[in-house]
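Peer 1: need a 3D model of the sequence below.
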Amino acid sequence: MALTATTDQDTRRRRTVLWVVSLATVGLIFDGYDLVVYGAVVSTFLKDPSQLGEVTPAMAGTLGSYALLGMMFGALLAGAFGDILGRRKVMLISYAWFSVGMFITALMSTTTTFGVMRFLTGLGIGALIATTATLVTEIAPPGKKNLCSAISYAGVPLGSLLGALLAILFLDAIGWRGLFMIGALPILTLLPLALVKMPESVPWLVARGRIDEAWAVSERTGVPIPDSVPEAEQAEKVGLAGLFSRHFIFATVVVGLMGALAQFLNYYLNTWLPVLMEQAGFNTKGSLAFLLMLSGGAIIGTLAGSRCADLFGPKPVVAACFLIGAVSIALLTLDLPLAVRLPLIAVVGFGTTGTSILIYGLVANHFPTRMRAAAVAWLAGFGRLGGVSGPLLGGLFLAAGLGVNAVFYVLGGLALAGAVLTLLVPKTKHAIDIHSAPVELSVPVGAGARPVASIT
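Peer 2: Below you'll find the model as predicted:
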């Protein structure tokens with residue numbers, strides 16, 4: 001009888017994990033889509049003043065940075081309110097928010113209104129990015145948390161690939177406004193599904209003292225009630241206070257800088273790579289094909305890298321990925337045939353966008369549970385400083401007449417700096433392995449208490 005109950009619980013949990021990871025991945029696909037769709041249409045804005053008015057390279061970089069600035073604030077807001085509102089509610093609000101934002105953006109006719117809507121849309125996307133890792137980690141079973149997180153965040157480069165492909169196929173037919181309206185589809189598709197299939201985090205409900213709700217969700221989803229915390233974690237400060245405590249402040253600063261560098265490389269290349277390739281002699285559609293390779297390499301590399309992180313730990317894997325990014329970007333300065341340059345761009349995608357995704361796994365492993373949500377929000381929020389700088393400096397580089405090869409050398413140097421920073425992430429006895437053995441912690445459930453399920 002007990003075996004049957006356990007098997008039924010495992011079945012329900014597998015189904016729940018599948019739904020949550022699938023919905024989370026689709027949500028982040030639209031983040032990647034939003035990232036690339038602007039890069040795909042920026043050449044149109046530069047060439048055709050009838051769209052938004054006259055757009056210079058510097059202004060194009062500024063417009064690109066507005067969405068990323070919004071993402072930064074959105075991520076930090078999610079870190080502040082996610083533990084109050086709940087993971088599920090923040091994600092549902094984010095889906096609705098950025099969908100409406102994308103639709104309204106498609107209606108804008110001036111650079112000012114376009115920039116404002118890019119910022120407002122970014123708020124929703126940033127909140128989604130900062131919350132997704134927390135919910136997925138708390139739903140996923142032990143031993144598969146890194147893999148589930150990597151699959152979810154692989155939605156970002158997958159969305160970038162989709163954005164580049166749709167731009168190649170439909171930009172001439174539906175224009176930039178039509179491409180932006182595609183980004184509003186989640187409010188009609190993803191949001192209704194998430195309302196039905198995405199549960200609240202059981203550990204969060206327990207932490208908030210909402211035990212009856214936690215039991216109801218646990219019984220419906222198969223996600224067990226947490227009854228313990230790792231022993232070393234019990235005395236730690238919670239949330240942002242823990243991140244900036246004396247034991248974690250150095251690691252907090254280092255991973256923040258790593259995230260900023262990775263996001264700079266990610267957003268710079270996804271925004272300006274088509275323009276750089278046009279300057280190198282490729283036509284518009286050929287330049288967009290490089291975005292496809294960039295995103296495809298990121299997807300494959302992220303999944304492979306997550307498996308390596310499970311085997312060898314995320315720190316050496318992230319450092320190696322930064323190094324791969326540095327070398328592959330530097331190789332782009334060589335006069336290579338197209339048959340070599342295209343797969344090399346895929347390797348660049350692995351070393352830049354892929355690295356920015358794998359850092360989430362490093363943070364989830366390094367910081368203990370009581371501050372993990374705040375750590376992910378910090379990574380997503382502070383990392384957006386690099387994301388904001390990418391499109392902005394890209395426009396300034398072009399306006400200053402910096403050559404394509406010089407740009408690639410700068411980007412390669414930054415990737416190398418990221419590898420060095422990763423090696424500086426300290427080993428600390430206060431860092432908690434998310435698979436470590438727990439100690440018992442009683443959970444009061446009041447009258448009619450039920451036995452608490454084990455999480456190991």
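Peer 1: which residues are in contact with Gln51?
Peer 2: Thr44, Phe45, Trp176 (Cβ atoms under 8 Å, 6 or more residues apart in numbering). From N, CA and C alone the C-beta is placed, and that goes for glycine too.
Peer 1: mind putting these into CSV with neighbour count, distance to Val275 and secondary structure?
Peer 2: Below are the contacts of Gln51 laid out as CSV (neighbours: other Cβ atoms under 10 Å; distance: Cβ to Cβ, whole Å; DSSP: H, G, I helix; E, B strand; the rest coil):
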residue, neighbour count, distance to Val275, secondary structure
Thr44, 17, 12, helix
Phe45, 21, 11, helix
Trp176, 21, 15, helix
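Peer 1: can I get the residues you listed in a markdown table including distance to Ala60 and pLDDT?
Peer 2: Formatted as a markdown table, the contacts of Gln51 follow (distance: Cβ to Cβ, whole Å; pLDDT from 0 to 100):
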| residue | distance to Ala60 | pLDDT |
| --- | --- | --- |
| Thr44 | 10 | 84 |
| Phe45 | 6 | 88 |
| Trp176 | 13 | 90 |
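Peer 1: out of those residues, which is nearest to Leu342?
Peer 2: Thr44 (23.7 Å; Cβ to Cβ).
Peer 1: name the nearest residue to the closest one, ignoring sequence neighbours.
Peer 2: Trp176 (5.7 Å; Cβ to Cβ, 6 or more residues apart in numbering).
Peer 1: so Ser43: helix, strand or coil?
Peer 2: With DSSP: H, G, I helix; E, B strand; the rest coil as the basis, Ser43 sits in helix.
Peer 1: so it makes contact with Glu278?
Peer 2: Yes. Contact criterion Cβ atoms under 8 Å: Ser43 and Glu278 qualify, at 7.1 Å.
Peer 1: gap between stretch 347-354 and the chain center?
Peer 2: Centroid separation between stretch 347-354 and its chain, computed with Cα atoms, centre = their mean, to the nearest Å, is 14 Å.
Peer 1: what of stretch 87-105?
Peer 2: That offset, for stretch 87-105, works out to 16 Å (Cα atoms, centre = their mean).
Peer 1: and stretch 55-65, by the same measure?
Peer 2: On the basis of Cα atoms, centre = their mean, stretch 55-65 sits 23 Å off its chain's mean C-alpha point.
Peer 1: swap in stretch 340-359?
Peer 2: On Cα atoms, centre = their mean, the centre of stretch 340-359 falls 15 Å from that of its chain.
Peer 1: so which bits of it are buried?
Peer 2: Within stretch 340-359, the residues scored as buried using 16 or more other Cβ atoms under 10 Å are 341-342, 344-359.
Peer 1: what do you get for stretch 244-256?
Peer 2: In stretch 244-256, counting by 16+ other Cβ under 10 Å, buried: His247, Phe248, Ala251, Thr252, Val253, Val254, Val255, Gly256.
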